[in-house]
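Student: next input, structure requested:
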Amino acid sequence: MFPTLNAFSVSRLVAKTGISTATGFGNRLSTGQFNLFSVPGVVDVSGMEFSMGVAYDSTGNTPGLVASTNSASSTTVTFSDGGPTGDATAAHSLFTAISATTAWTTHVPRDVTGTSATDLDADDWVNFRVTVESTTVSGANAFDLAVAYVYGKPGSIA
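Tutor: Numbering: from 1, shown residues only. As a prediction, this is how the structure comes out:
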């Protein structure tokens with residue numbers, strides 16, 4: 001039997017806070033992993049729901065909320081299993097990585113369901129990963145992230 005009150009949702013803002021002297025506002029995020037939260041029990045990844053909104057810097061000094069305004073920029077992101085310490089170097093993606101140049105439309109967040117066949121263990125970290133980012137000052141500046149999940153497993157499973 002599942003425990004009661006085992007549905008969680010987590011929201012985080014991951015943003016570059018530095019100010020670009022070329023544009024006058026925060027420039028792009030660096031590639032790498034950003035620790036978001038650890039799970040309190042076993043989680044079936046296929047039942048997880050992820051939502052991402054993205055804000056972009058642009059070379060025209062107009063921050064945007066969509067990748068299509070910066071079609072020359074290429075940003076690829078995913079969520080991954082960070083392991084019990086949160087620093088898993090061979091990160092296992094919880095869904096197929098998505099590219100901002102094809103995945104977002106104007107002012108619309110991107111919603112994805114977990115597709116990994118591997119579950120999260122109790123105390124595993126969930127990391128947000130930027131695997132590809134623009135090499136210019138223009139690029140993904142901030143991500144508004146939300147994750148919904150249910151933890152635990154039926155009592156009939158050992």
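Student: could you list the buried residues of stretch 120-140?
Tutor: 120, 124-134, 138-140 (16 or more other Cβ atoms under 10 Å). (Each C-beta comes from the backbone N, C-alpha and C, glycine too.)
Student: keeping just the C-alphas, turn it into PDB.
Tutor: Extracted in PDB, the C-alpha atoms of stretch 120-140 (Å, rounded to 0.1, in the frame of the first residue of the first chain):
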ATOM      1  CA  LEU A 120      15.200   6.900  -8.300                       C
ATOM      2  CA  ASP A 121      16.400   5.400  -5.000                       C
ATOM      3  CA  ALA A 122      15.600   7.000  -1.700                       C
ATOM      4  CA  ASP A 123      17.800  10.000  -1.100                       C
ATOM      5  CA  ASP A 124      18.800  10.300  -4.800                       C
ATOM      6  CA  TRP A 125      19.100  13.900  -6.000                       C
ATOM      7  CA  VAL A 126      17.300  15.200  -9.100                       C
ATOM      8  CA  ASN A 127      19.500  17.500 -11.100                       C
ATOM      9  CA  PHE A 128      18.700  19.900 -13.900                       C
ATOM     10  CA  ARG A 129      21.400  19.700 -16.600                       C
ATOM     11  CA  VAL A 130      22.300  22.100 -19.300                       C
ATOM     12  CA  THR A 131      24.300  19.900 -21.700                       C
ATOM     13  CA  VAL A 132      24.600  22.400 -24.600                       C
ATOM     14  CA  GLU A 133      24.500  26.200 -24.400                       C
ATOM     15  CA  SER A 134      25.100  29.000 -26.800                       C
ATOM     16  CA  THR A 135      28.800  30.000 -27.000                       C
ATOM     17  CA  THR A 136      27.900  33.700 -27.400                       C
ATOM     18  CA  VAL A 137      26.500  36.100 -24.800                       C
ATOM     19  CA  SER A 138      23.000  35.500 -26.200                       C
ATOM     20  CA  GLY A 139      21.400  32.300 -24.900                       C
ATOM     21  CA  ALA A 140      19.300  30.700 -22.200                       C
END
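Student: and T76, bridged to which residues?
Tutor: S99, V132 (DSSP bridges).
Student: F34 reaches T131, doesn't it?
Tutor: No - counting by Cβ atoms under 8 Å, F34 does not reach T131; the two are 11.9 Å apart.
Student: in strands, which of the buried residues of stretch 120-140 appear?
Tutor: W125, V126, N127, F128, R129, V130, T131, V132, G139, A140 (DSSP state E).
Student: turn these into TSV, including distance to V39 and pLDDT.
Tutor: As requested, these are arranged in TSV below (distance: Cβ to Cβ, whole Å; pLDDT from 0 to 100):
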residue	distance to V39	pLDDT
W125	8	95
V126	7	96
N127	12	95
F128	14	95
R129	17	92
V130	21	89
T131	22	86
V132	26	82
G139	30	71
A140	26	77
